[in-house]
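Colleague: structure for this input, please:
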Amino acid sequence: MSAQPLDVRLAHLEGAFSQVDRRLDMLERTVQAGFEVVEQRFGRLEAALEARFGQIDQRFGRLESVMEARFGLIDQRFMWLTGTVVATWITTILTVLFHR
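Modeller: Coordinates of the predicted model:
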């Protein structure tokens, strides 16, 4: 065996490896570009969702204050009803006790 065929084979292998290296570099750049596109799209989606949830929070903030006012009114009316029932009950008891 001579050294000549071995050098030719090694040169052929080096050429094949350099071609594989170029293809892998190209593949890596393509994948990286794809990831960048996906990150940009997720960024836009996140911004859109934040804007929409901000609008929803504003609407519920206004609704919450209205509901608090209504619940306050219900509490006030319940207290009046309770007072009226207790007063009627006490009046009935006193009437029965002092009927004679």
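Colleague: and for Phe60, the neighbour number?
Modeller: 11 (other Cβ atoms under 10 Å). C-beta here means a position set from N, CA and C on the backbone, and glycine is covered the same way.
Colleague: can you give me the helices for this structure?
Modeller: 3-97 (DSSP state H).
Colleague: what bits of it have low per-residue confidence?
Modeller: Low-confidence segments of the chain (pLDDT under 70): 1-4, 100.
Colleague: what do you get if the cut-off is 80, keeping everything else the same?
Modeller: Residues of the chain meeting the criterion pLDDT under 80: 1-4, 6-8, 61-63, 100.
Colleague: CA atoms of stretch 63-77 as CSV?
Modeller: Provided in CSV are the C-alpha atoms of stretch 63-77 (Å, rounded to 0.1, in the frame of the first residue of the first chain):
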residue,chain,number,x,y,z
LEU,A,63,-68.6,46.8,37.3
GLU,A,64,-67.1,46.1,40.7
SER,A,65,-67.8,49.6,42.0
VAL,A,66,-71.4,49.4,40.7
MET,A,67,-71.9,46.0,42.4
GLU,A,68,-70.4,47.3,45.7
ALA,A,69,-72.9,50.1,45.7
ARG,A,70,-75.8,47.6,45.0
PHE,A,71,-74.6,45.3,47.8
GLY,A,72,-74.4,48.3,50.1
LEU,A,73,-78.0,49.1,49.3
ILE,A,74,-79.0,45.5,49.9
ASP,A,75,-77.2,45.5,53.3
GLN,A,76,-79.0,48.7,54.2
ARG,A,77,-82.4,47.4,53.3
